[in-house]
Each structure stands twice: as C-alpha cells, then as structure tokens.
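**Student:** build the 3D model from these lines:
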Amino acid sequence: MGLFGPPDVEKMKAKRDVKGLIKALRYEKDWEIRKSAAAALGKICDASAVEPLVAALKDSNEHVRGYATEALGKIRDVRAVEPLITTLADSHLGVRTNAVYVLGMIGDARAVKPLIAELKDIHFRHIRITAADALGKIGDVRAVGPLIATLRDGDMDVRKHAAEALGKIGWQPDKSETGALYWIALGNWNNCVIVGSSAIEPLIVLLYHENWDLRASVARALVSIYHKAALSDEERLRILSKRNEIISPTREEHIDWGNKDCSYLHDDRYAKWGGVDFPL
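**Tutor:** As a prediction, this is how the structure comes out:
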C-alpha cells in the first residue's frame, strides 16, 4: 500500500502479495479497489484469504460482495460454506446467483437443503437453473425428489437443467410419467415414444406451449406414439382428441415490425411450418 495514495492492486497481484491484497480488501475509500483486491485474491487462490473474503461478503457494495463470492468459489474452502449459505439472502440478484453457483463448486452437503429452497424460487428462472446445476454437482440423493418436481417447471430451460442434474446424481428414468417428463426436458423425443402411454399427458400439455418449434416436436412425438406404442382404445382416443392441435399450423408468433415487410410469414407455405401430418 502506497504512502500517499491508494493501494496498487495490480502490482500486489503480480507479486502475489496476499497480505497486501487483504489490506486492500478493507480499503474503505474506494469500493473498486476492494473489488479488484477480491478478484486478485481469487486468482491467487491462497487459503489465508478465506476469512477476509468471508468478511467481504458483508461489504456495503454489491460488486465487492459478488467478487468476494467468486473468489471463495475459486479457493473452494469449506470454511466458506456457512457464510455463503447466509449470502443466499442477499438482496442483489447477481450476488445471490454467485453464491448458489459457488456452493455447487465447493460441493459440501450442508448446502443441499438451502439449494433445494433456491430451486423453488418462483421469481427468477436463472436462480432455479443455477440451483439445479449446483445440486447436480454436489450429487446428494436428497435433491432427487425436488429435482423431479422441477421437471414440471413452467420454463423448459429450468426443466432441462433439472434433468441433467438428475443424470449426474445417478437417477434413472423408468417408463412412468416422471420418466416421460425427464426425456421431454432433454428433448429426447425418441425416448418419449419408447415410454409410450405414460408420455401422452405430459406431451399434450406442451401442445399449447408458446414455442412453435417445441409444439411441432411434441406433435410429432404424439403421432409416433399413436402409431408405434401399445395403447388402449382410450389412450388412442385421447391423442385423437388433440388431432386439430397436432395438424394445425404452428407458425411462430411475431411482433409488428413497423415498416419491415413480414408478409412472407402469412404465406401458406410458412403458415404450415410445424403442422404435423396425422393420417387416420
């Protein structure tokens, strides 16, 4: 730290001056210096910086808190687990997301229950995605039930990450509706057809999804199940009841482009994009 000015973080980083960077982490006059010191300590990955970085999780500036969280993730010391769990209550979304991610990187089982709680956040899809990834990295079987429940999430990306996490934990899908939800989340339509009748209802729900490409894939899967799977008469009638949705146009909705010509989207050739042939 200079005699007449702020600490030179770059110089200390080059010299791997951990003690100097820890002092800079407490430099009250400039949050950017504290932020840079936290980032530098993360790159050096010295365990002696864990406690000062934990203290920085309570910094008044969210950027400092965020970089301190990332630094602790690079050091991966279990002493940071409980403070990071506390950081899940941080009011700043970026800091909170970092804490979820870092807890997954550290991989301590103490984080499982708090991460399951984050998996249920109804407001922020990115939190749910990051929590699913973190639970997959930790690999604790306590997460299986909550991850299975997340296979019904309204966001298809969240579903995908939950399915990937289940695979990392070692969970194996069967031919139940849960198995169908797993393959739907991964976009594996062939396996949905193999599941057969149990996949019918989860697929029908997605015939009304906002994404036209997804609707088309779902429609093709239902047609394949109708023709290939061993179904009861009732199950065949259930698919037939949605025949209009399966064969109807599924053109992507679009906004008014102002002066730009969007007439081609109304052309019959394009209006039939995604419509699936379903001969009786």
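**Student:** distance check, residue 78 against residue 54.
**Tutor:** 12 Å (CB to CB, to the nearest Å). Any C-beta I mention is one placed from the backbone N, CA and C, and that applies to glycine too.
**Student:** and residue 189, by the same measure?
**Tutor:** For residue 189 relative to residue 54 (CB to CB), the value is 47 Å.
**Student:** can you give me the distance of residue 30 to residue 69?
**Tutor:** In terms of CB to CB, residue 30 sits 20 Å off from residue 69.
**Student:** could you do residue 48 as well?
**Tutor:** From residue 48 to residue 69 the distance is 18 Å (CB to CB).
**Student:** neighbour count for the two, which is higher?
**Tutor:** The residue with more neighbours, out of residue 48 and residue 69, is residue 69; 30 against 12, by other CB atoms under 10 Å.
**Student:** returning to what we had before: so which of residue 78 and residue 54 has more stuff around it?
**Tutor:** Ranked by neighbour count (other CB under 10 Å), residue 78 and residue 54 place residue 54 first, with 20 against 11.
**Student:** give the buried residues for the helix or strand harbouring the more buried one.
**Tutor:** Using DSSP states H and E, residue 54 maps to helix 50-56. For helix 50-56, the neighbour count (16 or more other CB atoms under 10 Å) marks 50, 52-54, 56 as buried.
**Student:** give me the contacts around it.
**Tutor:** 22, 25-26, 34, 38, 41-42, 64-65, 68, 71-72, 75, 77, 79-80, 83 (CB atoms under 8 Å, 6 or more residues apart in numbering).
**Student:** after the helix ranked longest in the chain comes which helix or strand?
**Tutor:** Ranked by residue count, the top helix of the chain under DSSP state H comes out as helix 212-228. Next helix or strand after helix 212-228 toward the C-terminus (DSSP H and E): helix 233-240.
**Student:** so what does that following helix touch, helix or strand wise?
**Tutor:** helix 200-206, helix 212-228 (3 or more CB pairs under 8 Å, 6 or more residues apart in numbering; DSSP states H and E).
**Student:** mind checking how far the longest one is from the chain centre?
**Tutor:** Put plainly, it is helix 212-228. Taking CA atoms, centre = their mean, to the nearest Å, one finds helix 212-228 lying 26 Å from the centre of the chain it belongs to.
**Student:** that helix: which residues count as buried?
**Tutor:** 214-226.
**Student:** now for those residues, which pair is the farthest apart?
**Tutor:** Spatially, the most separated pair among the buried residues of helix 212-228 is 214 and 226, at 18.8 Å (CB to CB).
**Student:** and residue 91, how many neighbours does it have?
**Tutor:** 7.
**Student:** make 3 the first number, not 1, from now on.
**Tutor:** Renumbered: residue one is now 3, and that last one reads residue 93.
**Student:** correct me if wrong: residue 141 contacts residue 171.
**Tutor:** Yes: assessed by CB atoms under 8 Å, residue 141 is found in contact with residue 171 at 5.2 Å.
**Student:** compare the two (neighbour count), which wins?
**Tutor:** residue 171 (18 against 14).
**Student:** tell me who's in contact with the spatially closest residue to residue 48 that is not a sequence neighbour.
**Tutor:** Take residue 48 and drop its neighbours on the chain: the residue closest to it by CB to CB, 6 or more residues apart in numbering is residue 20, 4.7 Å away. By CB under 8 Å, 6+ apart, the contact list for residue 20 reads 43, 46, 48, 50-51.
**Student:** dump the residue contacts of the residue sitting nearest the centre point of the chain.
**Tutor:** Centroid-nearest residue in the chain: residue 131, 1.7 Å away (criterion: CA atoms, centre = their mean). Residues near residue 131 by CB under 8 Å, 6+ apart: 159-160, 163.
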